[in-house]
Structures are given as structure tokens and as C-alpha cells.
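Q: Let's see this in three dimensions:
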Amino acid sequence: MNHTPRIRTVLSCSLLVVSLGAGATACGGHTDSSSLSVKPYDAAGQIAVHGPQGKGKADPDKPLEVTAKDSEDRITDVTARDTAGHYLAGELNADGTRWRSTAPLAAGTRYTVKVSTEDEDGAPGSRVLTLDTSAAKKLLKVTFGPQAGKYGVGQPITAELSAPVKSKEARAVVERSLRVTSMPAVTGAWHWVDDKNLHFRPKEYWPANATITATGSLQGVKVTGKLYGAAVKPLKLTTGDRVEAITDSETHQMTVLRNGKEINTVPVTTGKPGFSTRNGIKVILGKEQFVRMRGTTVGIAEGSGDSYDLPVHWATRVTWSGEYVHAAPWSVGSQGSANVSHGCIGMSTDNAEWFFETVRPGDIVKVINSGGEMMEPFGNGFGDWNLNWDKWRKGSVLQAGTRDGSTPADAARLRPQL
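A: Predicted coordinates for the structure are as follows:
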């Protein structure tokens with residue numbers, strides 16, 4: 001080498017460096033101030049990168065290696081960063097002759113690799129190069145839900161995957177790449193509903209008038225085997241006031257609260273024995289001004305004593321199986337005094353119209369003191385809030401043990417019940 005001899009120094013301690021070898025100084029040791037101003041020489045002739053450059057594409061399933069060509073030269077540090085800003089973890093061996101990545105490379109991206117070296121006299125060298133990785137053949141796509149818009153404070157964020165993810169390790173990769181933030185800030189967690197669906201909710205309801213953003217940084221990230229993440233379209237939601245409708249099946253009254261203050265109480269009827277309304281917290285799924293409700297869609301034989309076929313107005317849906325809050329002018333005489341419905345919450349036409357105009361999807365309908373079973377957490381709407389916080393966190397591979405399903409759009413479940 002023709003480089004001017006310099007006093008051998010180490011300017012920083014890299015976590016990737018296991019040992020700097022004989023003659024190296026510690027982080028707090030003496031350094032020659034004259035060496036701090038030396039411009040590193042081009043180390044292109046000192047290093048070899050194992051992976052195609054230029055027009056070639058590196059296989060993301062294979063590790064990246066940087067080696068010193070001469071036994072007298074040493075690599076002192078390597079950083080590799082992809083276009084999404086992810087750093088590639090790696091290890092430098094004890095004698096500084098080889099650096100090797102210890103984490104999977106991202107697919108379909110470009111890495112900028114910065115290599116620092118020293119020659120036999122301690123003179124610093126540097127080289128910056130780029131490396132492209134080939135695109136993944138199998139992509140995992142993530143779709144956030146619901147659609148962008150304004151919702152009630154009970155609305156969960158959903159993430160639907162294009163392929164099943166089963167192992168704990170792969171789920172951790174996915175979960176770590178999906179982020180939900182809100183203003184004001186909340187404590188929240190993802191919960192795996194099944195191999196292809198996750199829900200995110202806060203510990204408590206979302207704050208009123210909040211802004212919520214869901215983003216993903218999964219693009220190019222290896223999930224498992226040959227499966228890599230695709231780009232994720234972000235989602236932005238806002239919440240309105242905190243609106244809760246508390247229905248007491250014993251008193252036959254619904255009390256509606258806005259931001260904790262009562263705004264109306266109306267007489268209602270809920271499910272009669274054998275058709276009891278589900279207890280628990282439900283999230284409004286949608287609103288329909290008119291629905292044709294038939295008993296045959298929920299298994300009631302046509303012509304039986306419980307058979308019905310009725311036009312229903314001002315219908316607010318709370319389950320996919322057909323539970324609504326709706327106008328029931330035929331049962332006004334029982335509203336406020338008896339439960340005579342087939343599972344829905346019935347009220348007068350005027351009250352149903354008022355309720356329809358007052359609430360939005362994501363608002364809360366809570367039923368208490370019914371003879372029915374508890375609203376299931378998943379599969380029949382958004383019963384997420386019926387899991388306490390500890391149980392909810394157990395559905396997250398990242399938060400399980402820490403301190404502090406099926407797709408709803410399935411048309412087969414869109415069956416109204418009266």
C-alpha cells in the first residue's frame with residue numbers, strides 16, 4: 001500500500017464489531033487528533049462484496065457478505081440500509097476480515113452499503129456501494145378497514161391478509177410492521193382473530209373527535225419462507241362524539257348518551273324467550289332506511305307461529321346475522337313493558353328515525369339484563385369490546401404476557417332477523 005502511515009485509532013465502538021484486534025484502542029482511550037482530520041481513502045480495492053451489483057439482482061434469501069481481500073487489511077464497520085429506511089442487521093468477525101448479514105434482506109429494493117476499513121498502517125478507508133435485490137414471487141398483501149371516513153368511538157381498525165400467517169415468528173413480523181396512531185394518543189394493541197385477520201382497538205374507546213392513522217412498513221420484508229410483504233395503503237379515520245345507546249331488557253328502556261350526558265330515553269322491546277337479544281357491547285355496522293325482513297332467513301319455518309315477512313324502516317344494523325335497532329310500529333303496545341321481538345331492538349317509527357339520524361357506524365349499542373347469550377367478540381360484527389384488556393392483549397404476539405374468524409363481508413351472514 002502507498003497510503004501515508006497513521007497512528008492506528010478507533011473512532012467509535014460499533015455494535016457489529018466483536019473485537020478490534022491487537023493495537024486497537026478502547027472507546028475512551030487516547031486518539032491522535034491529527035488522524036481525525038484525515039479524509040478516508042477509497043477502499044474499493046480492499047473489499048469484496050458477495051452479491052451482484054449494477055444490473056444484477058441479489059437473491060434476498062441469501063445473506064450479504066463483505067470481505068477484506070488482503071489479510072493485512074481490516075473492515076471496521078458496515079451499515080446496509082434499504083430504500084424504506086430499514087437497517088440490515090449483521091456481524092463482523094473477530095479479525096475484521098468478514099461482515100455477514102444476520103437478518104433476511106428485503107425483496108425488490110436497493111441497499112446502500114457503507115463500508116469502513118483500515119489498512120496495515122491504520123489509515124482509514126471508506127467505500128459506498130449499492131445492491132439491488134430481486135422482487136418477491138409471492139407477496140403478502142394487507143388491506144386496512146373500514147373505509148376512510150368518520151366513525152364512532154367503538155370502531156376497530158381491521159387488517160385483512162391475502163394469505164394465512166400461522167407461526168408466531170411470522171405473525172410477529174407482520175404485527176411489527178403495522179402501526180396505528182391517534183391524536184390524542186391512546187394505548188392499544190392488535191389482536192389476531194384468525195390466520196388472515198387482525199383487529200386493533202385501544203384499551204378504552206377511542207377519544208371523541210380523534211384522528212386515527214393506520215400505516216404499514218411491510219413492503220419487501222420477509223414474512224416466512226418465500227412470502228414477502230407488499231406495499232400497504234395507509235388508512236385515515238376520524239371519530240365523532242362518544243355516542244352510546246344502553247338498552248336494558250328488564251326495564252324495556254334505551255338511554256342514549258352523548259359524551260357521557262343523556263340526550264334521550266325511549267321505550268323499546270327486545271327479544272322474547274327463545275329469541276333473546278344478545279347481551280354485551282355491539283358496534284353499529286351500518287344503516288338502512290328500508291329492509292325486508294323474513295323469518296325464513298333466520299331459520300323460522302314459513303307458516304309457523306313465529307313466521308314473519310314485514311317491511312322495516314329506519315334499520316340500524318349491529319350484527320351480521322341480522323340484529324337491528326329499527327322501527328316496529330306493530331309492537332308499540334309492548335314497547336316499554338314487554339319483550340316480544342325475534343332478537344332486534346324495536347321502537348316507534350318516530351324514535352327509530354331519531355335514532356337512525358343520531359348515530360353513525362362505530363357508535364356503541366350495549367344491551368344489559370337480557371336472557372340472551374353474550375355478543376361474541378368476532379364473526380358476527382364487532383364484539384371486540386366484550387374482551388377485557390388482558391384477554392385482548394393475549395391475542396397479540398408482541399404484547400401477550402407483557403404488563404402495562406371470518407371476514408365480516410361474507411354475504412351468507414347478512415340475514416336480517418326481526
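Q: Which stretches in the protein count as helices?
A: All helices of the chain, identified by DSSP state H, fall at 168-177, 349-358, 389-393.
Q: so what does the last one touch, helix or strand wise?
A: If contacts are counted by 3 or more C-beta pairs under 8 Å, 6 or more residues apart in numbering; DSSP states H and E, helix 389-393 sits against strand 188-194. Placement of C-beta: from N, CA and C, glycine included.
Q: Can you show me the CA trace of the strand it packs on as CSV?
A: Below are the C-alpha coordinates for strand 188-194, written out as CSV (Å, rounded to 0.1, in the frame of the first residue of the first chain):
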residue,chain,number,x,y,z
GLY,A,188,-53.9,0.0,22.0
ALA,A,189,-52.9,-3.4,20.6
TRP,A,190,-53.5,-5.7,17.6
HIS,A,191,-55.4,-9.0,18.2
TRP,A,192,-55.2,-12.0,15.8
VAL,A,193,-58.8,-13.0,15.0
ASP,A,194,-57.6,-15.9,12.8
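Q: picking up where we left off before, in CSV, list the helices of the chain along with mean pLDDT and distance to residue 213.
A: CSV is the format used below for those (pLDDT from 0 to 100; distance: least, C-beta to C-beta, whole Å):
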stretch, mean pLDDT, distance to residue 213
helix 168-177, 97, 15
helix 349-358, 98, 27
helix 389-393, 97, 21
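Q: I'd like these as TSV, with mean neighbour count appended.
A: As requested, the helices of the chain are exported to TSV (neighbours: other C-beta atoms under 10 Å):
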stretch	mean neighbour count
helix 168-177	17
helix 349-358	17
helix 389-393	16
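Q: could those go into a markdown table alongside distance to residue 317?
A: Below are the helices of the chain laid out as a markdown table (distance: least, C-beta to C-beta, whole Å):
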| stretch | distance to residue 317 |
| --- | --- |
| helix 168-177 | 30 |
| helix 349-358 | 11 |
| helix 389-393 | 24 |
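Q: Out of these, flag the one nearest residue 203.
A: helix 389-393 (5.0 Å; C-beta to C-beta).
Q: Who's the closest spatial neighbour of the residue minimising distance to the centre of the chain, skipping the chain neighbours?
A: The structure's the chain has its C-alpha centroid closest to residue 178; by C-alpha atoms, centre = their mean the separation is 4.3 Å. In space, and not counting its chain neighbours, residue 178 is closest to residue 216: 5.2 Å by C-beta to C-beta, 6 or more residues apart in numbering.
Q: Residue 143 is in contact with the one you found, correct?
A: No: at 10.0 Å, residue 216 and residue 143 do not qualify as touching, with contact defined as C-beta atoms under 8 Å.
Q: Show me what the lowest-mean-pLDDT helix or strand in the chain is in contact with.
A: Lowest by mean pLDDT, DSSP states H and E among the helices and strands of the chain is strand 47-50, with a mean of 85. Residues outside strand 47-50 that contact it (C-beta atoms under 8 Å, 6 or more residues apart in numbering) are 64-69, 75, 113, 115, 117, 127, 129, 131.
Q: Which of the residues you listed fall in strands?
A: For those, the ones inside strands are 65, 66, 67, 68, 75, 113, 115, 117, 127, 129, 131, with DSSP state E as the criterion.
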